[in-house]
Structures are given as C-alpha cells and as structure tokens.
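Q: what follows is a predicted structure for the sequence shown.
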Amino acid sequence: KDSRASIAVDLGAESCRVSLLRWPDGAPQTQLVHRFGNGPVQREDGLHWPLDRIVDGVEEGLRKCAALAPEGIRSIAVDGWAVDYVRLNDEGVPIAEPFCYRDERNVRAEAELHQHLSPERMREATGIQQLSINTLYQLYADRKARYPPSRWLNLPEYMLAWMGGEPVAEFTNATHSQLIDVHTREWSAEIFREAGLRLDLAPRLVPPGTRLGKLRGPLQQLDAFRDTELIAPACHDTASAIAGIPAVGEDWAYISSGTWSLVGALTSRPVDSPAVREDNFTNLGAVGGANCFHKNVNGMWLLKQCESAWTEQGFTPGVSELLRSCEGLAPPATLLEVDDPDLLLMGQMPQRINRQLVAKGASPLDESPDGAPTFVSLILYSLASRYAEVLGRVKQHTGKELRRVFVVGGGSRNAQLNRLTAEMTGLEVCCGSVESSTLGNFAVQLATLESACSPSSSSFAGEVCEWARQLS
Ligand code: LFR
C-alpha cells in the first residue's frame, strides 16, 4: 500500500478541523492538526458565513499537515454541514459571502414557494423532510432578491474546487438541497422549473468516492502536494459521520450529535409511506448507494446558544461546568418541544425557551445566570425524550429490531445526555468517535484509493466500514 498521508477537512458550524492520517510502521494513525472557530456573522443584508476566514483557516491547516508529513500527501477530501453554498461567477470566483441557513429569509421563501409548488408534491418528488434551511429555499430567496442567476457549489465542494478539483455536487450533500428526484437520483427538472431556477447552472452530480483531479495552485509548490489527489467523500458531514461508525448488522440506529442531532438509521433504500411523510422523516444519500433515514432534531445548539446569552451577561461557566451544575436536579415537570422553529433561530435562547414554557402554561425559568442549571436540565431531558420518540418511530417505519444506538460527534461526550438517552430509549448507547465525520471522510478516501468496486455499490460501503473499523 502507498505509505503517503491523507488529509480530511471537516467544516463545522462551530469549528472547522483539518486532520492528518499517516502510516508509521504501516499502521494508521490520525491526528487533529488544525482547528479554528467558525460561526455565522450578521452583516447588513443578513446572516453569512465568513468565507475568507474559512478558506484561510483551511489553507493554514493544509500547510501545517504538509510540514508534518515529509512522505507527502496522497489525497485530500472535504466534508461539512449541508445546504449552504457559494455563488460563483463564470471563472469560479465567489460573487458574495455565502448566506447562513439560519437567516430568516428562508422562512419567508419557504412560505412563498409553497404557493406555487405544494409541500406534498415536493415530498413525493424528493422523499426528504421539509426544512426551510434546504438549498432550494435559499436559491429561491436569492431569486426573489433579484440576484442574477449564477453557478453555485455547496461549501465542501467549493473548498475542493478551490484546491483545483472539478466543480461538482456530491450526491449525499445534494440530496439535502431538496432538488434531487428520489426516484431517478438526478436533479429534479420539475422542481428547478417550478421554482424558476436554472438547471444548467447546477453542478454535475457525483457519488461519494469520486476522484476530482489533482491539487493545483500555489499549494502545489510545496513538495508534499506535488501529486495529491482530490476526492469527494460523503461531503455531507452527517453522511460522513455515519460512514465513520464501524458497525455491521441491522440492529443499530445513530444519533449524530453536534449543533444538530440527526436521529435515525441506515436503510438500503428510501423509506416512504403516508406515516413517514406525516412524521416528516428524511431520506438522504449515504455512502455506497445506501440511505440515511432520519430526522433533524435540535441539538447542542440549544446549550451553546444559552451559553452565549449568559456570556453576554458576564457569566462564562463553559459547557462542562454547566452540565455538572444540573446533576441531581429533579426532572423538569414540563418538557420543551425542541424542534419548535423558534428554537432554531439565533440569539436570546433563554427568552425563546421561556416564551415556549409560558405558552404551554408552565412557569418561566430564572433567566439570570442563577437559573442556568434549570435551563440545562430542561434541555437535556427534552432532547433525550425527543430522541426516544423519534427512535420509536424509526423502528416502526423501518421494521428494524433496534438494540443499539451509536452516538457520534461532539455531543457524544455528554455523559448525562447519554445516560438519559439510554433510560428513555431502552437501547444500549454506544459511544462512537467525537470526530466521526473525519473518520468517515478518511474511510471513504481509502476505499476510493484502494478498491476497485464502484462507489455506488454496497461492497464499497462494506469496504468503507472496514476502514472505519481499522481507524477507530
Ligand atoms: C449537521 C448538518 C445536518 C444538516 C444541517 C444543516 O452538521 O449537516 O445534517 O441538516 O447540518 O446543514
């Protein structure tokens, strides 16, 4: 086997990570080399991602990796959160900073578009869950704002193109756009047409595990990057995180726990029925032609947003102290509906939570830092209870006999939440990797480089799983 290193870039809404995989003595060893903070920034025209900062951070990470790997870099792949995109001119240069999916313009765009194209029809065509954050509504909001039609790339694919790769839309990421036809697995001409969007401006679709060409540009001057392949992994971080779970069999579910909690199970094909639609479950692309059947549940966002509200008041306990502070509190009498659209928006989280409690006839919590433990306890119990509810529905819809749930991602270290999840779901909670997206990203790179099977085949998925096991 080629003994050169590989790099995985994982773009997260709160932090981005650049990791290195090397083979000292022939055994794989991964290392987090560079991590930098990320977050949406409020500009005059809305909430955006600081693209220049992200690009600079990735470049710094790549340079650090090159310095650590004298054997050279064989391949690079990028995954990240889905739905957001960079609009590009004909030369592939960004026209503007990308919008953040939490911008309120999407809620309006969703309502407007549904007047032309019914949510029922859209569901039938795409098989995915109705979410105002989906790329479709954002492109529609761009159109309504009269931005000239332009090419666009989702963020991970943009980063790969920035390194010199072919501009593409990787399938797992593309399914989250709400622009893919669930039956043909191609862009849905109908949805493009009805939303007034130009199909000819959409990128070419490729499966996870596609080679996109060699790294080019200034970085190629570094010895380590002379002959580096760019690979599309599962560009959707959730699909990567699931690819990083080294589990076989049919008895397991997953919770990919970060800013969001993605709660569901892998299936061999999309699952559909009136009840699935009613429950607003999603079917998104997974590695090797499989399907992620899950629901977006709110996640660490609730905690992090409360934390920043308290920080503004000069109270800076940090998440681990907050978690400790609520140990031993009695279970809250009224639980939150964690997926209330209001709780997905940014800012004023303790106030938003109290608004919901009051609307339910419960007493509001103390919004001063003294009340922090009660908020944290309420969030943990409410999340675990929602996980249990969603996993119960997963069993019904898929017919799977679930015994285990793998929790992966940053939130998997939350021991209290894991304990409550085990209690409320009755399933064995298995703690996967905190960096499961990175692990899955590497596993797809290795399967792409080492295997002869088609990336859309289930044998490819098997090889990815075997690499994930070796890297775990
Ligand atoms: C997780 C994630 C979810 C997606 C949301 C928005 O990071 O990618 O899967 O629904 O972020 O992209």
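A: Structure's in. What do you need?

Q: how far away is the residue in the stretch 201-350 of the chain positioned nearest to the ligand from Ala109?
A: Residue nearest to the ligand within the stretch 201-350 of the chain: Thr238 (3.7 Å; Cβ to the nearest ligand atom). In short, each C-beta sits where N, CA and C put it, glycine included. From Thr238 over to Ala109 the distance is 23 Å, taken as Cβ to Cβ, to the nearest Å.

Q: bridged to the residue nearest to His294 when sequence neighbours are not counted, which residues?
A: The shortest distance from His294 to any non-neighbouring residue, by Cβ to Cβ, 6 or more residues apart in numbering, is to Gly264 (2.4 Å). Using DSSP bridges, the bridge partners assigned to Gly264 are Tyr254, His294.

Q: ok, Val408 next?
A: Ser256.

Q: cool, Glu229 as well?
A: When assigned by DSSP bridges, Glu229 has beta-bridge partners Ser75, Lys214.

Q: run a quick neighbour tally on it.
A: 19 (other Cβ atoms under 10 Å).

Q: so where does the residue of the stretch 201-350 of the chain closest to the ligand fall, helix or strand?
A: Assigned by DSSP states H and E, Thr238 belongs to helix 237-243.

Q: check which helices and strands that helix is in contact with.
A: strand 5-11, strand 73-80, strand 252-257, strand 260-267, strand 282-285, strand 291-298, helix 436-450, helix 458-471 (3 or more Cβ pairs under 8 Å, 6 or more residues apart in numbering; DSSP states H and E).

Q: interface residues of this protein facing the ligand?
A: Proximity of the chain to the ligand (Cβ under 6 Å from any ligand atom) is limited to residues 81-83, 101, 133, 236-238, 258-260, 262, 296.

Q: start and end of stretch 122-134, how far apart?
A: Its start and end residues considered, stretch 122-134 measures 12 Å (Cα to Cα, to the nearest Å).

Q: tell me the buried residues in that stretch?
A: Met122, Arg123, Ala125, Thr126, Gly127, Ile128, Gln129, Gln130, Leu131, Ser132, Ile133, Asn134 (16 or more other Cβ atoms under 10 Å).

Q: show the contacting residues for the residue nearest to His294.
A: Ala253, Tyr254, Phe281, Thr282, Cys292, Phe293, His294, Lys295, Val390, Val394 (Cβ atoms under 8 Å, 6 or more residues apart in numbering).

Q: same check, this time on Arg277
A: Shown in contact with Arg277 (Cβ under 8 Å, 6+ apart): Glu120, Arg123.

Q: which pLDDT value goes with it?
A: For Arg277, the model assigns a pLDDT of 95.

Q: for the helix or strand where it lies, list the C-alpha coordinates in CSV.
A: Assigned by DSSP H and E, Arg277 belongs to helix 274-278. Extracted C-alpha coordinates of helix 274-278, given in CSV (Å, rounded to 0.1, in the frame of the first residue of the first chain):
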residue,chain,number,x,y,z
PRO,A,274,-48.1,8.3,4.5
ALA,A,275,-46.9,7.9,8.1
VAL,A,276,-43.3,8.7,7.2
ARG,A,277,-44.5,11.8,5.4
GLU,A,278,-46.7,12.8,8.3
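
Q: of the contacts of Gly264 - the most surrounded one?
A: Scoring these on neighbours with other Cβ under 10 Å, the highest-scoring entry is Tyr254 at 29 neighbours.

Q: so which of the residues of the chain next to the ligand comes closest to Thr175?
A: Relative to Thr175, the closest of the residues of the chain next to the ligand is His236; by Cβ to Cβ it sits at 7.7 Å.

Q: make CSV out of the helices and strands packed on helix 237-243 and add mean pLDDT.
A: Compiled in CSV, the helices and strands packed on helix 237-243 are given as follows (pLDDT from 0 to 100):
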stretch, mean pLDDT
strand 5-11, 98
strand 73-80, 98
strand 252-257, 98
strand 260-267, 98
strand 282-285, 98
strand 291-298, 97
helix 436-450, 98
helix 458-471, 97
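
Q: Val182 is nearest to which of those?
A: Val182 lies closest, by Cβ to Cβ, to one member of those: strand 282-285, at 6.3 Å.

Q: packing partners of the closest one?
A: Partner elements for strand 282-285 (3+ Cβ pairs under 8 Å, 6+ apart): helix 171-175, helix 237-243, strand 291-298.

Q: what does the longest one contact?
A: For strand 291-298, contacts defined as Cβ under 8 Å, 6+ apart pick out 129, 131, 172, 238-239, 242, 254, 260-271, 279-286, 338-339, 343-344, 383, 386-387, 390, 393-394, 397-398.

Q: quick one, what contacts the residue of the stretch 201-350 of the chain closest to the ligand?
A: Ala82, Ser256, Leu262, Leu284, Cys292, His294, Ser437.

Q: which residue, other than its chain neighbours, is closest to Pro28?
A: Leu471 is the one closest to Pro28 (Cβ to Cβ, 6+ apart), at 5.5 Å.

Q: can you pull out the low-pLDDT segments for the chain?
A: For the chain, no stretch has pLDDT under 70.

Q: what's the longest helix in it?
A: helix 372-398 (DSSP state H).

Q: name the residues of it that are buried.
A: Using 16+ other Cβ under 10 Å as the test for burial, helix 372-398 gives 372-391, 393-394, 397-398.

Q: could you check how many residues crowd around Ile7?
A: Residues within reach of Ile7, counting by other Cβ under 10 Å, total 29.

Q: ugh, typo on my part, it should be Leu222
A: Look at Leu222: counted by other Cβ under 10 Å, it has 17 neighbours.

Q: element containing the residue nearest to it when sequence neighbours are not counted?
A: Ranked by Cβ to Cβ, 6+ apart and with sequence neighbours excluded, the top spatial neighbour of Leu222 is Ala66, at 4.8 Å. Assigned by DSSP H and E, Ala66 falls within helix 51-68.

Q: how about the CA coordinates for that helix, as CSV?
A: Extracted as CSV, the C-alpha positions of helix 51-68 are listed here (Å, rounded to 0.1, in the frame of the first residue of the first chain):
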residue,chain,number,x,y,z
LEU,A,51,-15.8,32.7,3.7
ASP,A,52,-12.4,34.3,3.7
ARG,A,53,-11.8,33.2,7.2
ILE,A,54,-12.8,29.6,6.4
VAL,A,55,-10.6,29.5,3.4
ASP,A,56,-7.6,30.9,5.3
GLY,A,57,-8.1,28.5,8.1
VAL,A,58,-8.2,25.5,5.8
GLU,A,59,-5.1,26.7,4.0
GLU,A,60,-3.3,27.1,7.3
GLY,A,61,-4.3,23.6,8.2
LEU,A,62,-3.1,22.2,4.9
ARG,A,63,0.3,23.9,5.3
LYS,A,64,0.7,22.5,8.8
CYS,A,65,-0.2,19.0,7.6
ALA,A,66,2.4,19.3,4.7
ALA,A,67,5.1,20.2,7.3
LEU,A,68,4.2,17.2,9.4
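
Q: what about it, distance to the chain center?
A: Chain-centre distance of helix 51-68: 21 Å, with Cα atoms, centre = their mean, to the nearest Å.

Q: what lies in contact with that helix?
A: Contacting residues not belonging to helix 51-68 are listed as 5, 7, 9, 11, 16-18, 20, 22, 31, 33-34, 36, 38, 73, 76, 78, 86, 94, 97-98, 155, 159, 162, 219, 222-225 [Cβ under 8 Å, 6+ apart].
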